[in-house]
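**Q** predicted structure and sequence below. I'll ask about it afterward.
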Amino acid sequence: MFYMLGDRMECMRRITLLTAVCAVIALTCGELHAMHTQKRERRVAGFAREVTGAGAVQLLRVDDDGHLFSSERLVEPIAFDVSGGGDAEPLIPLRHNGRYFLRTSHKPLQFYWEHLPVSCTLLRNKLWRRASGAYRVPEERLDAWLQREESLERSLQSVVTWIGHSSFLIQVGGINIVTDPVFGDLSAWYPRLLPPGIHIEQLPPIDLVLLSHNHRDHMDEASLRALLARNPRMKALVPEGNKEWFDHAGFVDAVEHTWWEHTDSGSDDQAGVVACTFVPADHWSQRGLRDHNASLWGGWVIRHEDQIIYFAGDTAYDEQIFDEVAQRFPSITAALMPISPCSPVALRRNHMSARQSVAAFARLGACRFVPAHWGTFAMGTDEFEAPIRELERSWQQRRAELGDRQLCVVKAGQRLALE
């Protein structure tokens, strides 16, 4: 027994040493790369945009002396359709060399150099936690978060069911919608912890799939193909740059959206039209080695009569985004908000912790908070229920500000009626 314990500790020590060496190498490479690209970075960070007329983009640049001057149109103008009212100029995605980004201060070409040290840290933490058994959640704790209920065939009333991670069954106006469907493991490296609240065989007929972005924990090929096999006429609403993938997968009706574009679904015999609007998020996209930010990302607002459901997708905390969504879609009935990973802090560049998510909810002015993006996959270094505990603490700290707004911590498979 002691011999086996010694072998295990020696293995963990070597893993820690190896990942530390990798982190040092990554940091050194990043510094060298930054030294050689400092002038280019000043120019990239100096991009400024002015939106004139009907969405025309004029690009300005900053020279080495700090003076603005006109530049060639490196940023492609993107048409948009605002369907939520309001007079504020909408956020539109910028595009440079075929890559999307939210603001001119974003540096997509630096992605690998900036994220390699973070990746090494995550690798070290994952190997350590896996060796120590920290990712093995007892069955009784998982069972406590499962409440499988029979799905409704259709519902005119708005009903939300959390399947797990960012996957929801949203039933509104007689339309059945699934967001970011993932029903199994992502890989051997990312096994599923919490089983799906609804097995794919038990879903009602699905009319729409809403995709937030193409990361594999949101756009799972096996789940999408299984859904399509059961629902061959299902429509997919996807971010710009993803239609080709869906066409190749066999979807006969995949519609691309940029921010603020919307698609109407339903008919009079299904109690009116359901409008789905693609809205901004502060995140990124990638599925392969060379397609970083080659497609767009965002969230969705689902509107039916006086019911408005905001699905945030995956996003960092960004006051401008949440303020604009709140302005264009006042009186949000329910906000489905990501609350993890909470650690390591480096991941908050593209994600929200539970505390930040409560702050975003306060800015949205929504009536109900429904947590998402937690407990299903070990994406960061959080302990299984840590995001929920932080969410409840943050909610109590803002209790006076939030007033009678509701925190709806639902279990996987549990139906939430939005009356």
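**A** Sure, I can see it.

**Q** now do the contacts for Phe101.
**A** Taking Cβ atoms under 8 Å, 6 or more residues apart in numbering, we find Phe101 in contact with Pro93, Leu94, Arg95, Pro108, Asn293. C-beta coordinates here come from the backbone N, C-alpha and C atoms, glycine included.

**Q** just the pLDDT for the last one.
**A** In other words, Asn293. pLDDT recorded at Asn293 is 92.

**Q** in the chain, what secondary structure element scores lowest on mean pLDDT?
**A** Sorted by mean pLDDT, DSSP states H and E, the helices and strands of the chain end with strand 68-70, the least confident at a mean of 32.

**Q** so which of the contacts of Phe101 is the closest to Ser167?
**A** Sorting the contacts of Phe101 by distance to Ser167 puts Asn293 at the head of the list, at 23.7 Å, by Cβ to Cβ.

**Q** in the contacts of Phe101, which has the lowest confidence score?
**A** Taking these together, the minimum pLDDT is found at Pro108 (49).

**Q** where does this protein have low pLDDT?
**A** When residues are selected by pLDDT under 70, those of the chain lie in 1-90, 104-135, 267-271, 346.

**Q** this structure: helices as residue ranges?
**A** In the chain, the helices defined using DSSP state H lie at 2-36, 38-45, 111-132, 139-143, 221-230, 243-249, 319-328, 354-364, 386-397, 399-402.

**Q** C-alpha coordinates for the fifth one, CSV please?
**A** To tie it back to what came earlier, the one meant is helix 221-230. Taking only C-alpha atoms (Å, rounded to 0.1, in the frame of the first residue of the first chain), the coordinates of helix 221-230 have been written out as CSV:
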residue,chain,number,x,y,z
GLU,A,221,-21.6,17.1,-33.7
ALA,A,222,-22.9,13.8,-32.3
SER,A,223,-25.8,15.5,-30.5
LEU,A,224,-26.7,17.7,-33.5
ARG,A,225,-26.7,14.7,-35.9
ALA,A,226,-28.8,12.7,-33.4
LEU,A,227,-31.3,15.5,-33.1
LEU,A,228,-31.5,15.9,-36.9
ALA,A,229,-32.1,12.1,-37.4
ARG,A,230,-35.2,12.4,-35.1
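
**Q** and that helix, what does it pack against?
**A** Counting contacts by 3 or more Cβ pairs under 8 Å, 6 or more residues apart in numbering; DSSP states H and E, helix 221-230 is packed against helix 243-249.

**Q** and the helix it packs on, what's buried?
**A** Taking 16 or more other Cβ atoms under 10 Å as the neighbour-count basis, helix 243-249 is seen to contain the buried residues Lys243, Trp245, Phe246.

**Q** what sits against the nearest residue to the last one once chain neighbours are set aside?
**A** Think Phe246. Spatial nearest neighbour of Phe246, excluding adjacent residues (Cβ to Cβ, 6 or more residues apart in numbering): Ala254 at 3.6 Å. If a contact means Cβ under 8 Å, 6+ apart, then Ala254 has Lys235, Ala236, Leu237, Val238, Asn242, Lys243, Phe246, Asp247 as its contacts.
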